[in-house]
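Visitor: Here's my sequence, what's the structure:
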Amino acid sequence: MSKKLNNQNNVDSMKKHAVFIKNKAKMLLLYSSMKPCDSRRTKYSTHKLSSCLLTTALLCSVFSSPLAADSRVNRLKSFSLEDLADVKVTIAGKVEQKTSDIAAAVFVISQEDIRHSGATNVPEALRLVPGMNVARLDANKWAVSSRGFNSRITNKLLVMIDGRSIYSPLFGGVMWDEQDIMLENIERIEIIRGPGGAVWGANAVNGVINIISKKASDTQGTLLSSTVGTQQSIHSIRRGGTLSENTYYRLYAKYHDQDDSIFLDGSDANDNGEDLRAGFRVDWQQNNANEFTLQGGVYQGDLSEDIQVMSATSATFTEQRNDKIDTRGANLLGRWKQTFDNNASGELQIYFDHTKRDQWVLEESRNILDIDYKYHLAPSGHHDIIWGLGYRLTHDRETLGDQKIGQFREFSPQNRTDHLLSGFIQDDITLWTDKLWLTLGSKVEHNDYSGFEIQPSARLRWKPRDSQMIWGAVSRAVRIPTRSEHDASLLLDIVSTDPIPIGTGIIGGSGFESEELITYELGYKYAPNAFFNLNFDLFYNDYENLRSLESPITIVAAAPITAIGIFPTLGNNLFGETYGVELSAKWQPTEDWKLTASYSFLEMQLHTRKGSVDNVSEKEEGNSPNQQLNLLSVYRLNPDLTFSLFGRYVDKLPSKNVKDYVELDAGLEWKVRKDFELSLVGRNLLNDEHTESIPSLIKTTATKVERELYLKAQWHF
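Guide: As a prediction, the model looks like this:
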């Protein structure tokens, strides 16, 4: 089938269908999504495919301008299957690009994917991504990683919300229990598996995630959403409207109540939690030349977990304590984009983020001010250039309350202010028109822990045909030291109690250096039509200067109990290699049935250097599964009823003694009427309960994930 719809017979057929659709308003509702038209076809003929594409284009035209039917057909002539099926993202180069034009392992989760998967939070939605391991630790905590090194605090994955980093400078990683985003506000989630340091900077080592919110103009009216289930309840309200002709706003609030999970023996884990958040967004646009966005939010969460702490009154010098965790924060982000006469554009983004977390192990208060500017030069000749500058100011206070004295935890200094300066440039060079491109870029940063860091990248992509692309890349990325690795002395575990308690932890220091990665990637993308696409990615990662536990320091405490603390110092004497393959495919065998499948294989090999005393860190090889397999099936029984199945297989975790498991989620979505929808979802249907991972950083008790059933109602008006 030709990718360009310029056959005159097809055009005539399109015109007939345009007249038919114009006279049948009800049928337009069936075509309001980007799915193929609902004409009950039994095979993909050129005639019917052209009709489906025309329907989608006509619907967009109906809501944008009163063009005549003939004009709409003329516009459609310039559309290809790739144009209608491809998704534009900004995660690869901070400018819009089609996923089929990006020389990287890119994956996009749409709002529709989130809804069909049955996810109630972002980590659950990320299960759809090939090569990404998502493990639930308890009722409100998650371990999320890309290409290995999974833990409660995965420090090699950069995560953002609308370009605002939520990567924690304290320990690294993301505190997912603080990020209970209202899913209905998400337009899409963009993911790159592999390094993104050349554009996004430090800590974008094994992957980058950017959660993109819907524009305020796309959330007009009122939405009421309520989820009630056996494990949780979620209630949300959203209101959108206009302030002027070109100015739109959105207000929202969400409350989430999460029940306890269970310990391995079946008893309640005392890890329930509540989260309340609210926010707003205002979008203004003037003649496509100026765009301005102002958005912000506040949240407060009350969480809990059972942890092991030292105790002078216990015979074992330890006790199990229910830790009450108070989280709260606020953020404000402004973004101004200006398009110039030469089609070049500049964008300034400023955000402020305040977080406060109070729990037994630590009290943290942090403020971040981030300023970022980027400038995109319109394609001129064979070059497409983007460059940018950034500055980030971080101020924190890490303290211990009176009740934590004797727990061997301290930060020195307690208060710290850090500065991060950065600049990047990237050039997409056309070597052979419409066939071959070379992308060169690098980011240069200066931070207060490791000084200057350079993260270059070279990517080559070749399109032998319009439906195929082969790409390869070589990149360097770094993970810079965190506040705890530089300034903390932390007790993590009690290793003996006879005759006196002996604890172990870590002591940070200024000698700890950045972890380094050189990655080699090769990929293949195939999209012969709008109903099928395939992505195949290979990677080999070479790590240097990974964190290791070296010569311990012994500290003797006399109060409140006599105890010995053995604290290994942090070093960079671990290195290793990881390699693997990731395969994903999307296929629509009929217009009512859509399948998304993925498979990933990962092998990790870690080693300590000669002279290292670390005999623990190599076991991180077994923290991530070797193999994962996902399958999402979405079948539309009729225009108002959709049935979804999401099955997954996750391999064992040898270092945590966690078995492999197979699980299945099922959902039924019923559009009762135009403005009211009901969803019934069952999750983890194959097992009464199963374990997905075990926390290792803080001495907490392992829990199981239980079977769950929930009913969700949504009312739009």
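Visitor: What residues does Lys94 make contact with?
Guide: By Cβ atoms under 8 Å, 6 or more residues apart in numbering, Lys94 lies in contact with 199, 374, 376, 386, 388. C-betas here are computed from N, CA, C, even on glycine.
Visitor: separation between it and Gly221?
Guide: Remark: distance between Lys94 and Gly221 (Cβ to Cβ, to the nearest Å) = 32 Å.
Visitor: Any regions of this protein where pLDDT drops low?
Guide: Applying pLDDT under 70 to the chain flags residues 1-85, 310-317, 400-409, 493-494, 557-561, 697-699.
Visitor: From the centroid of it, which residue is nearest?
Guide: Ile209 (3.9 Å; Cα atoms, centre = their mean).
Visitor: my guess is Arg397 meets Asp358, correct?
Guide: No - taking contacts as Cβ atoms under 8 Å, Arg397 lies outside contact range of Asp358: 11.6 Å.
Visitor: Spit out the residues that contact the two alike.
Guide: Contact criterion Cβ under 8 Å, 6+ apart; residues bridging Arg397 and Asp358 by contacting each: Glu364.
Visitor: Is the most far-flung residue of the chain relative to its centre in a helix, a strand, or coil?
Guide: Largest separation from the mean C-alpha position in the chain: Pro499, at 47.3 Å (Cα atoms, centre = their mean). Following DSSP: H, G, I helix; E, B strand; the rest coil, we place Pro499 in the coil state.
Visitor: Use 33 as the first number from now on
Guide: Got it, first residue is 33 now, which makes that one Pro531.
Visitor: how close does it sit to Glu379?
Guide: Separation of Pro531 from Glu379 (Cβ to Cβ): 64 Å.
Visitor: Phi, psi for Ile532 please.
Guide: Taking degrees, to the nearest 10, you get phi -130, psi 160 for the backbone angles of Ile532.
Visitor: Please tell me I have it right and it contacts Thr594.
Guide: Yes - under the criterion of Cβ under 8 Å, Ile532 is in contact with Thr594, at a separation of 5.5 Å.
Visitor: rewinding a little: out of the contacts of Lys126, which are inside strands?
Guide: Secondary structure from DSSP state E places 406, 408, 418, 420 of these in strands.
Visitor: burial count for the second one?
Guide: By that I understand His408. By other Cβ atoms under 10 Å, 23 other residues sit near His408.
Visitor: which residues does it contact?
Guide: Neighbours of His408 in contact, by Cβ under 8 Å, 6+ apart: 126-127, 376-379, 417-418.
Visitor: please redo it, this time with the cut-off set to 6 Å
Guide: If you count contacts by Cβ atoms under 6 Å, 6 or more residues apart in numbering, His408 has them with 127, 377, 418.
Visitor: Same question for the third one.
Guide: The neighbours of Ile418, taking Cβ under 6 Å, 6+ apart as the test, are 125, 127, 408, 458.
Visitor: Go ahead and confirm the last one touches Lys475.
Guide: When you say that, I think you mean Gln458. No - under the criterion of Cβ atoms under 6 Å, Gln458 makes no contact with Lys475, lying 8.9 Å away.
Visitor: Grab the longest strand from the chain for me.
Guide: Secondary structure of the chain per DSSP E: the longest strand is strand 595-622.
Visitor: List the pairing partners of it within its sheet, with orientation.
Guide: With DSSP bridges as the test, strand 595-622 is paired with strand 534-539 (parallel), strand 564-589 (antiparallel), strand 625-640 (antiparallel).
Visitor: How about Leu452: what's its closest non-neighbour residue?
Guide: Arg424 (4.1 Å; Cβ to Cβ, 6 or more residues apart in numbering).
Visitor: any idea how far the one you found lies from Ala230?
Guide: 18 Å.
Visitor: Between the two, which is the more surrounded one?
Guide: Per other Cβ under 10 Å, whichever of Arg424 and Ala230 has more neighbours is Ala230, with 27 against 20.
Visitor: Could you give the bridge partners of the closest residue to that one other than its chain neighbours?
Guide: Spatial nearest neighbour of Ala230, chain neighbours left out: Ser489 (3.6 Å); criterion: Cβ to Cβ, 6+ apart. In this entry, Ser489 is beta-bridged to Gly473, Ser507, by DSSP bridges.
Visitor: and Ser489, what is it in contact with?
Guide: Counted by Cβ under 6 Å, 6+ apart, Ser489 has contacts 230, 473, 507.
Visitor: With Arg225 instead?
Guide: 137, 163, 178, 239.
Visitor: ok, and the most crowded of these?
Guide: Of all the contacts of Arg225, the highest neighbour tally under other Cβ under 10 Å goes to Ser178, namely 30 neighbours.
Visitor: Ramachandran coordinates for the residue nearest to that residue when sequence neighbours are not counted?
Guide: In this structure, Ser178 finds its nearest non-sequential neighbour in Gly239, 3.2 Å apart by Cβ to Cβ, 6+ apart. Phi and psi for Gly239, reported as degrees, to the nearest 10, are phi 170, psi 160.
Visitor: partner residues bridging Gly239?
Guide: Leu189, Arg225.
Visitor: roughly how far out does whatever helix or strand Gln487 lives in sit from the chain middle?
Guide: Using DSSP states H and E, Gln487 sits within strand 483-497. In this view, strand 483-497 has its centroid 22 Å away from the chain centroid, taken as Cα atoms, centre = their mean, to the nearest Å.
Visitor: Mind listing what's buried along it?
Guide: Neighbour counts using 16 or more other Cβ atoms under 10 Å place 485, 487, 489-493, 495 of strand 483-497 among the buried residues.
Visitor: State the number of residues packed around the closest residue to Leu296 other than its chain neighbours.
Guide: Nearest residue to Leu296, sequence neighbours excluded (Cβ to Cβ, 6+ apart): Ala734, at 5.7 Å. The tally of other residues near Ala734 (other Cβ under 10 Å) stands at 17.
Visitor: Repeat that for the one 4 residues further on.
Guide: Other residues near Glu738 number 19, with proximity taken as other Cβ under 10 Å.
Visitor: Give me the phi and psi for it.
Guide: Dihedral angles (degrees, to the nearest 10) for Glu738: phi -100, psi 160.
Visitor: beta partners of it?
Guide: Glu721.
Visitor: My read is that it contacts His722, right?
Guide: No - if you go by Cβ under 6 Å, Glu738 and His722 don't touch, sitting 8.7 Å apart.
Visitor: what's the domain layout of the protein?
Guide: Using automatic domain parsing, the domain parsing of the chain gives 40-117, 120-317+331-349+367-447+455-748.
Visitor: which of those is buried the deepest?
Guide: Across the domains of the chain, averaging neighbours per residue (mean count of other Cβ atoms under 10 Å) puts domain 120-317+331-349+367-447+455-748 on top, at a mean of 19.
Visitor: Now do the end-to-end distance for that one.
Guide: 27 Å (Cα to Cα, to the nearest Å).
Visitor: What segments of the protein are helices?
Guide: 40-55, 57-62, 78-96, 101-108, 113-117, 143-149, 154-157, 229-232, 515-519 (DSSP state H).
Visitor: Isn't Pro513 up against Tyr481?
Guide: Yes - counting by Cβ under 6 Å, Pro513 touches Tyr481, with 4.2 Å between them.
Visitor: Inside strands: which ones of the contacts of Arg225?
Guide: Members of the contacts of Arg225 lying in strands (criterion: DSSP E): 137, 178, 239.
Visitor: how about Pro657, phi and psi?
Guide: The phi and psi values for Pro657, taken as degrees, to the nearest 10, are phi -70, psi 140.
Visitor: again with Glu724
Guide: Glu724 adopts backbone torsions of phi -110, psi -30, taken as degrees, to the nearest 10.
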